[in-house]
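Fold the following, please.
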Amino acid sequence: MNKTNKIFPIQNEAACALKWSWLTLYLSADMFNMCHRTGGFSFDRGPTSEFKDFNNHPKLVEERKRMVNNQWPEDSCGYCKRVEDAGGQSERQIFTKKEEWNPHEIANSGVLTNDVTPKVIEVYFKNTCNLACTYCTPMFSSKIEAEIKKHGPASKYYQLDGNFSVSPTYSKRKAQFWEWMREHSHKINAFHILGGEPLYQKEEFEETLSFFGDSTLDNSRVNIKMFSNLMHKPHLFKEKVASIEKMIATGLINSWTVVCSIDAWGPEQEYSRFGIDLEQWEENFKILMDSNMDVKVHSTICPLTLPTNYELREKVLSYQEEYRKPIHHSWNIIQNPPFLDPTKFGEHMLDDLNKLINLVDENTEEYSMLAGYYSAIENTEPDIEMLREFVKYSDNMDKRRNLDWRSIYPKLNTYIEDLINE
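Next up is the predicted model:
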């Protein structure tokens, strides 16, 4: 088979290879996605329900059929569609043309099939976490879950209404998942670990180390990527890094990358990632930079993180120069909760976003995606209802956390007040 036939076989204006090749599993909610940006599919919670049947989920089958017929799925994929509609370049457009995103079964046969082993397995284990990020939800943070149980709903949007609880099927589904992995891990390229905070989830982290440390399994081609907020005692963090370096050196896995989750710098970051200690974060970051592991940084863009994201970018570039070690920096834009979606805030977001874009190499995919975000924001009018909801939510959270968003974001406060009072 020549190289051009190895890319995903359906190339049209709606098809996306990630709908076949990227499995995101939310064990705490007993849900999964095909793609890391779309809405989820709930597993059947009946006694015969099995994780291994995910490819046959009726909703997933329907969405794949629509893509084959050059139709966007009706209830998902809005993340990429709004970027494309604004004239930007989306992840769908980028990944679908790359050979590495075509599933093993399709690449080998050249025939489209539903029965595939995804190239990427991305697992959100429990929601156990030691931070309460402003844009996060109980599904991904036990701190926020506890906060809502104590004080009541934070918003009517995005699981902030107090209705979330960890699925009673968690232990069962986790066991099914590891069983499936024993049969299929040799076909995957990447295994992503997320949370909550993986380093704060002792049982799940040890299970992961045990699985990939098993020399009877062929995981030598697997690239592991762990997303972490780096809020871990430095001496314990150093011990974990040493254990992982040993796994890489002995060939049990191909690589282990730590993606350091951080969105801004200074008071803005301390506000938006509630509970973070920037000194500790930086100490652990230096441990990674001194290691043989790959280091990446990922940032979430929302109205509370964008003002100093460019300062974080400058810091990342400085570390890269100091250590002579590449640091891949990536971004995503908040879609939910909707009152933190930057496109709802209009032109106020553009100056800070432009400062960031000017620090990114224009020949990279990241530049193209950031430019797409810029277009999406530039072409959207402010949503007054969402701005009001943002104020209501922020005031509510400030009372619970003894904070004051207006003092940290005075320009944003003035901008919102002027729009609401017009």
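
what about the helices in the stretch 101-250 of the chain?
Per DSSP state H, counting those that start in this stretch, the stretch 101-250 of the chain carries helices over the ranges 104-109, 142-151, 170-184, 202-212, 234-249.

Of all those helices, which one is nearest Asn70?
helix 104-109 (18.1 Å; C-beta to C-beta). For the C-beta atoms, the positions are set from N, CA and C on the backbone; glycine is no exception.

for this protein, what spans make up the strands?
22-26, 31-34, 41-42, 120-124, 132-133, 190-194, 223-228, 255-261, 273-274, 294-301, 327-333 (DSSP state E).

mean pLDDT lowest for which of the helices of the stretch 101-250 of the chain?
Among the helices of the stretch 101-250 of the chain, helix 104-109 carries the lowest mean pLDDT, a mean of 85.

Nearest to Pro58, out of the helices of the stretch 101-250 of the chain?
helix 170-184 (18.7 Å).

Give me the longest helix you can find in the protein.
Criterion DSSP state H: the longest helix present in the chain is helix 384-401.

Any figure for the gap between Ser407 and Tyr271?
Distance, Ser407 to Tyr271, by C-beta to C-beta, to the nearest Å: 10 Å.

more crowded one of these two?
A side-by-side neighbour count of Ser407 and Tyr271, using other C-beta atoms under 10 Å, places Tyr271 first with 23 against 11.

ok, that one - contacts?
Listed by C-beta atoms under 8 Å, 6 or more residues apart in numbering, the contact set of Tyr271 reads Thr134, Leu304, Leu403, Trp405, Ile408.

got a winner among those for most neighbours?
Leu304 (27 neighbours).

what about the closest residue to that residue other than its chain neighbours, neighbour count?
Distances taken as C-beta to C-beta, 6 or more residues apart in numbering place Ser272 nearest to Leu304, at 4.2 Å, with adjacent residues excluded. Residues lying near Ser272 (other C-beta under 10 Å) number 26.

next one: the one 4 residues further on
The local packing of Ile276 (other C-beta under 10 Å) involves 22 other residues.

Could you check how far it is from Asn127?
18 Å.

Now do the contacts for the residue lying closest to Tyr393 once chain neighbours are set aside.
Nearest in space to Tyr393, with sequence neighbours left out and distances taken as C-beta to C-beta, 6+ apart, is Ser155 at 5.0 Å. Counting by C-beta under 8 Å, 6+ apart, Ser155 touches Asp161, Pro337, Phe339, Glu389, Lys392, Tyr393, Asn396.

roughly how far apart are the residue lying closest to Met226 once chain neighbours are set aside and Leu131?
Excluding the flanking residues, the one nearest Met226 by C-beta to C-beta, 6+ apart is Ile193, at 4.5 Å. Ile193 sits 16 Å away from Leu131, going by C-beta to C-beta.

before we move on, what about Pro342?
21 Å.

Nearest to Ile10, out of the contacts of Ser155: which one, please.
The closest of the contacts of Ser155 to Ile10 turns out to be Pro337 (C-beta to C-beta; 33.1 Å).

what stretches of the stretch 201-350 of the chain score poorly on pLDDT?
Applying pLDDT under 70 to the stretch 201-350 of the chain flags no residue at all.

How many neighbouring residues does Thr257 have?
So Thr257, with other C-beta under 10 Å, has 18 neighbours.

for the closest residue to Gly372 other than its chain neighbours, what are its contacts?
Using C-beta to C-beta, 6+ apart and skipping the chain neighbours, the partner closest in space to Gly372 is Gly88 (2.2 Å). The contact partners of Gly88, by C-beta under 8 Å, 6+ apart, come to Ser368, Met369, Ala371, Gly372, Tyr373, Tyr374, Ser375, Ala376.

ok, the last one touching Ser90?
No: distance between Ala376 and Ser90: 10.0 Å, which falls outside the contact criterion (C-beta atoms under 8 Å).

What segments of the stretch 301-422 of the chain are helices?
309-323, 350-357, 365-378, 384-401, 405-408, 410-420.

can I get those helices in JSON lines with distance to Phe227?
Formatted as JSON lines, the helices of the stretch 301-422 of the chain follow (distance: least, C-beta to C-beta, whole Å):
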{"stretch": "helix 309-323", "distance to Phe227": "16"}
{"stretch": "helix 350-357", "distance to Phe227": "20"}
{"stretch": "helix 365-378", "distance to Phe227": "17"}
{"stretch": "helix 384-401", "distance to Phe227": "23"}
{"stretch": "helix 405-408", "distance to Phe227": "25"}
{"stretch": "helix 410-420", "distance to Phe227": "27"}
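
winner for burial among the ones you listed?
Ranked by mean neighbour count, those are led by helix 365-378 with a mean of 19 (mean count of other C-beta atoms under 10 Å).

Of the strands of the chain, which is nearest Met67?
strand 31-34 (10.5 Å).

looking only at pLDDT, what's the mean for that closest one?
pLDDT averaged over strand 31-34 gives 88.

Could I get the CA-only coordinates of that strand as PDB?
Provided in PDB are the C-alpha atoms of strand 31-34 (Å, rounded to 0.1, in the frame of the first residue of the first chain):
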ATOM      1  CA  MET A  31     -19.100   7.600  29.500                       C
ATOM      2  CA  PHE A  32     -16.800   7.700  26.500                       C
ATOM      3  CA  ASN A  33     -16.200   9.900  23.400                       C
ATOM      4  CA  MET A  34     -14.600   9.200  20.100                       C
END
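
buried set for it?
Met31, Phe32, Asn33, Met34 (16 or more other C-beta atoms under 10 Å).

Nearest to Met139 among the residues you listed?
Met31 (9.1 Å).

My read is that that closest one contacts Thr38, right?
No: at 11.2 Å, Met31 does not count as touching Thr38 under the criterion of C-beta under 8 Å.

Distance of Asp290 relative to Glu347?
42 Å.

and if you look at Arg388?
18 Å.

Quick one, grab the pLDDT at Ile384.
Looking at Ile384, the pLDDT reads 96.

which residues does it contact?
Contacts of Ile384 (C-beta under 8 Å, 6+ apart): Leu419, Ile420.
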